[in-house]
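Okay, sequence plus prediction incoming.
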Amino acid sequence: MMEDRYFSPDPAQRQVARTLYETVQSLPLICPHGHVEPRLLADPNYQFGSPVDLLIIPDHYIFRMLYSQGISLEALGIPRQDGAAVESDHRAIWQSVCDHWYLFRATPTGIWVRDELSDVFGIDLKMNTANAQAIYDAIEEKLAQPEFRPRAMFERFNIEVLATTDAATDTLQYHQVIKESGWGGRVVPTFRPDAVVNIDTLNWGNHIEKLSTVSGIDVTDYASYIQALEQRRAFFKTMGATATDHAATSAYTAVLTDVEAETIFQRALAGKATAEDAKRFTGHMLIEMARMSSEDGLVMQLHVGAYRDHNQRIMDGFGQNMGADIPMTAEFTRSLKPLLDRYGNHPDMTVVLFNLDETNYSRELAPLAGHYPILKLGPPWWFFDSLLGMHRYFDGVIETAGLYNTAGFNDDTRAYPSIPARHDVWRRASADWLADKVVRQIIDEEDAAAMIAAMAYKLAKSTYKL
């Protein structure tokens, strides 16, 4: 593990990058968006289980690659929805993963896992057939120690704040336990209403029934539905939430009249909503969520451009979020205009845009964020959350939007031990990109030092009001 990894081979740029990186290397981690389960941190004695439980089964980045090479999810121990048998020998699963680890050469996953093995677990062996069982033994030994329990790791990782992602109908019981435990770690929820907003969601009616139960409001029409959502947002705020999160296939927004919204809502309750209904209702509700954010101050995140669960066989057998999501082209300028017409010039509101269509960075997203006061650009997301993806992102947006219309970094991970590795890659990529601008005399070292502090820490903290 070279200290100068991921920096340019050019000596002048490398020296500047090293100097810049050293100024932010030890800053606390701001984690404003991710998918770590709060139950891990609610129990001070929580243990992760086996190395496979920790690193393989929760991580679709890993098993989607293996599946693409003909390795079944059953063979990797991924639970089936029908409860049918899957491989239960975790040593055998680990051996198979290591036998095929060459598939991850030069990928972000290869970088993250190598870095976390070294920096988190103190293991400098390469993942391969010969080392598989020795690595398994070393991780297993570490996981049995108190300092490798989630709360201890939270403190060792120097996490200042971690935001989870929670359904609108979540009772936030684990957040309540954390809050009442006296532990000093700051863990906050994020309000994610997709399951009750997107009326084409599987079993949408069941989610609405749950919304009625947790809000204490009998949701029978559009008006009571809006009231219940506002009640839930208020509750999330009392539990420390500073943001909401919304996923949509496109950035389409549209204004419906109350009568139109009520008509679609009633069709959805009756199980008769059409695909066009779903598109129009989601587009309308994004504007409604913006309206609510303008009133309650919650930062609104919009993740656009994923065709989720593309592989029907995997969806049927294993459920959602099993690595079969594919990026789609996206359009923002026309699609967001109805929302921006109403709220784009709001003086005290933030919408953070995430996108899976890389070609959009310089064409639409940077010009939009470079003009509308409410817009900020989230970091490269998902398929582009990579060393080279970060460089392309900086090249695509900063000349037009400027750095301070971006939202800094978030790790967006379910893989808890990968958090410091992901932040470290971002900090190194930022240092290297800025160093290039210094040696080209586009900026000076004083500017670069201020910019990397913003990229590594300050932007995420200010954007998300943390």
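Happy to help now that I have it. Numbering: from 1, shown residues only.

which residue sits closest to Val255, ignoring its sequence neighbours?
Spatial nearest neighbour of Val255, excluding adjacent residues (C-beta to C-beta, 6 or more residues apart in numbering): Pro338 at 5.5 Å. Backbone N, C-alpha and C define where each C-beta goes, glycine included.

show me the contacts for the one you found.
Applying C-beta atoms under 8 Å, 6 or more residues apart in numbering, we find Pro338 in contact with 253-255, 283, 287.

what do you get if the cut-off is 6 Å, keeping everything else the same?
Listed by C-beta atoms under 6 Å, 6 or more residues apart in numbering, the contact set of Pro338 reads 253-255.

just the buried members of the residues you listed?
In the contacts of Pro338, burial by neighbour count holds for 253-254, counting by 16 or more other C-beta atoms under 10 Å.

What is the nearest of the contacts of Pro338 to Glu445?
Within the contacts of Pro338, distances to Glu445 taken as C-beta to C-beta reach their minimum at Thr253, with 42.7 Å.

and the gap between that closest one and Gly344?
Thr253 is 11 Å from Gly344, where distance means C-beta to C-beta, to the nearest Å.

re earlier: output the contacts of Pro338 as a markdown table; include the columns secondary structure and distance to Ala268.
Below are these laid out as a markdown table (DSSP: H, G, I helix; E, B strand; the rest coil; distance: C-beta to C-beta, whole Å):
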| residue | secondary structure | distance to Ala268 |
| --- | --- | --- |
| Thr253 | coil | 19 |
| Ala254 | coil | 16 |
| Val255 | coil | 18 |
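
Need the contacts of Pro338 in JSON lines (columns: pLDDT).
Output for the contacts of Pro338, formatted as JSON lines (pLDDT from 0 to 100):
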{"residue": "Thr253", "pLDDT": "98"}
{"residue": "Ala254", "pLDDT": "97"}
{"residue": "Val255", "pLDDT": "97"}
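
Return the member of the contacts of Pro338 nearest to Ser224.
Of all those, Val255 has the smallest distance to Ser224: 20.6 Å, by C-beta to C-beta.

hang on, the earlier thing: need the contacts of Pro338 in CSV (columns: distance to Asp200).
Converted to CSV, these look like this (distance: C-beta to C-beta, whole Å):
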residue, distance to Asp200
Thr253, 17
Ala254, 16
Val255, 20
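
Which stretches in the stretch 151-300 of the chain count as helices?
Using DSSP state H, counting those that start in this stretch, the helices of the stretch 151-300 of the chain run over 173-181, 194-197, 204-215, 222-238, 258-269, 275-296.

Check which residues of the longest one are buried.
Looking back up the chat, that one is helix 275-296. Counting neighbours by 16+ other C-beta under 10 Å, one finds that the buried residues in helix 275-296 are 277-290, 292-294.

do the third one as well
With burial defined by 16+ other C-beta under 10 Å, the residues of helix 204-215 counted as buried are 204, 207-208, 210-212, 214-215.

got it, and the first one?
Buried residues in helix 173-181, counted by 16+ other C-beta under 10 Å: 174-175, 177-179.

Of these, just say which sits nearest to Gln231.
When those are compared against Gln231 (criterion: C-beta to C-beta), the nearest one is His175, at 16.9 Å.

Quick check: the gap between that closest one and Glu116.
For His175 relative to Glu116 (C-beta to C-beta), the value is 26 Å.

Same question for Val438.
Counting by C-beta to C-beta, the gap from Val438 to Glu116 is 30 Å.

Same check on Met65?
Distance of Met65 to Glu116, given as C-beta to C-beta: 17 Å.

And the two? Which one has more around it.
When neighbours are counted by other C-beta atoms under 10 Å, Met65 and Glu116 differ, and Glu116 comes out ahead with 21 against 18.

give me the element that one is part of.
Using DSSP states H and E, Glu116 maps to helix 108-119.

just the strands in the stretch 51-200 of the chain please.
Taking DSSP state E, counting those that start in this stretch as the test, the strands found in the stretch 51-200 of the chain are 159-163, 166-167, 187-188, 191-192.

Pick the most deeply packed of the ones you listed.
Across these, averaging neighbours per residue (mean count of other C-beta atoms under 10 Å) puts strand 191-192 on top, at a mean of 27.

pLDDT (mean, whole number) over it?
Strand 191-192 shows a mean pLDDT of 98.

now swap in stretch 112-129 and tell me
97.

again with stretch 348-359
Averaged across stretch 348-359, pLDDT comes to 96.

Same question for stretch 47-64.
Averaged across stretch 47-64, the pLDDT comes to 95.

Could you shift the numbering so residue one becomes 44, and keep it that way?
Right, with 44 as the first residue, what we last looked at is stretch 90-107.

Distance from it to the middle of the chain?
17 Å (C-alpha atoms, centre = their mean, to the nearest Å).

any idea how far Arg310 is from the residue lying farthest from the centre of the chain?
Largest separation from the mean C-alpha position in the chain: Val302, at 35.3 Å (C-alpha atoms, centre = their mean). Noted for Val302: a distance of 13 Å to Arg310, by C-beta to C-beta.

swap in Gly387?
From Gly387 to Arg310 the distance is 31 Å (C-beta to C-beta).

higher neighbour count, the two?
Remark: of Gly387 and Arg310, Gly387 carries more neighbours, 18 against 15, as counted by other C-beta under 10 Å.

Can you get me a residue count around Ala313?
As a burial measure, Ala313 scores 9 neighbours (other C-beta under 10 Å).

And it, how far from Ala294?
29 Å.

Enumerate every residue touching the nearest residue to Gly413 once chain neighbours are set aside.
Spatial nearest neighbour of Gly413, excluding adjacent residues (C-beta to C-beta, 6+ apart): Ala444 at 4.1 Å. Ala444 sits next to 409, 412-413 when contact means C-beta under 6 Å, 6+ apart.
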